[in-house]
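Peer 1: Below is the structure, and that's it, no one-letter string:
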């Protein structure tokens with residue numbers, strides 16, 4: 001085992017390439033430090049302690065223990081406030097090889113792959129979200145450009161990913177062989193208990209607030225309801241509705257909202273996830289019925305379901 005923690009380090013021809021003028025390091029990474037990108041940390045995956053925001057390069061110190069050299073790098077996921085998370089401190093490894101041209105990134109051991117087709121992924125696709133892919137690929141491209149390399153191939157692995165993935169919801173959602181790489185900003189909202197209380201105060205003070213569950217919902221809810229206070233509540237829809245006195249607009253992607261307003265939505269459908277259900281012929285009827293049933297129980301509530309492009313799929317009004 002090489003000192004950087006990457007199982008392949010020290011045993012691969014690529015590790016001896018001139019990509020990595022050996023520069024062992026450990027401690028605080030700075031995304032602006034080029035040695036972190038190929039020498040020290042390789043192409044560090046999002047979620048491995050590197051904070052990246054697509055289309056908005058972040059130049060700030062990030063916390064994450066990592067080390068590397070000779071074209072290999074590794075880092076352990078910074079857990080932040082979620083030290084009990086099963087993926088906390090998980091080791092991510094990257095191995096870079098100089099090539100004649102082009103940028104390639106290959107997800108390997110420990111990164112899950114889809115075994116069922118979904119609305120966004122085909123069978124065999126790596127379970128890496130588009131924002132994370134963009135962040136990883138962007139980091140590799142930036143490093144190659146800075147180092148004047150004609151091309152680079154980077155192999156990503158998570159040595160304990162397969163074992164950890166079996167203990168997550170991944171098998172249920174059709175991902176096997178490892179964990180999913182999802183995070184892109186490193187921020188989970190509401191960010192902490194104090195800010196959560198501020199969020200609910202905003203809801204209490206608003207006239208018919210719009211409650212949404214994620215960043216996609218937040219973006220399009222602001223476009224659809226520009227005159228309303230739009231609040232990101234994540235999974236805390238119940239508390240948000242209570243703070244709104246039972247009169248609000250729920251707006252966002254289907255999964256969280258539909259499972260909240262109709263917990264048994266998947267029963268008898270043969271589908272394991274709402275995302276898979278949205279691809280079926282049953283979806284329009286199930287969506288319409290779920291919205292109608294909910295608004296009968298909560299007449300002061302309006303529910304608007306959108307897709308990832310912001311198109312309205314269903315509206316209870």
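Peer 2: Everything's here; your move. As the structure is a computational prediction, the values presented were derived from the model and not from experiment.
Peer 1: Without its sequence neighbours, what residue ends up closest to the spatially most central residue of the chain?
Peer 2: In the chain, the residue lying closest to the centroid (Cα atoms, centre = their mean) is residue 182, at 2.3 Å. In space, not counting the residues next to it along the chain, residue 182 is nearest to residue 129; the distance is 4.8 Å by Cβ to Cβ, 6 or more residues apart in numbering. Backbone N, C-alpha and C define where each C-beta goes, glycine included.
Peer 1: tally of neighbours for the one you found?
Peer 2: When counting by other Cβ atoms under 10 Å, one arrives at 17 neighbours for residue 129.
Peer 1: Quick check: pLDDT value at it.
Peer 2: Per-residue pLDDT puts residue 129 at 88.
Peer 1: Same question for residue 167.
Peer 2: 93.
Peer 1: and what of the one 4 residues further on?
Peer 2: Confidence per residue is given as pLDDT, and for residue 171 that number is 90.
Peer 1: quick one on the thing from earlier: and the residue nearest to residue 182, how far is that from residue 180?
Peer 2: Applying Cβ to Cβ, to the nearest Å, the value for residue 129 to residue 180 is 8 Å.
Peer 1: where's residue 95, which helix or strand?
Peer 2: Secondary-structure element containing residue 95, defined by DSSP states H and E: strand 91-99.
Peer 1: and the angle for the helix or strand just after that strand with strand 91-99?
Peer 2: Read in the C-terminal direction, the helix or strand following strand 91-99 is strand 102-107, with elements assigned using DSSP H and E. With axes from the mean of the first three to the mean of the last three Cα atoms, to 10 degrees defining the directions, strand 102-107 sits at 150 degrees from strand 91-99.
Peer 1: so how far is strand 102-107 from its chain's centroid?
Peer 2: Here the centre of strand 102-107 is set off from its chain's centre by 19 Å, with Cα atoms, centre = their mean, to the nearest Å.
Peer 1: one step back: which elements pack onto the strand holding residue 95?
Peer 2: On a contact count with 3 or more Cβ pairs under 8 Å, 6 or more residues apart in numbering; DSSP states H and E, strand 91-99 meets strand 72-76, strand 151-157.
Peer 1: Quick check: mean pLDDT of that strand?
Peer 2: In this model, strand 91-99 has a mean pLDDT of 93.
Peer 1: neighbouring strands for it, and are they parallel or not?
Peer 2: The pairing partners recorded for strand 91-99 under DSSP bridges are strand 72-76 (antiparallel), strand 151-157 (antiparallel).
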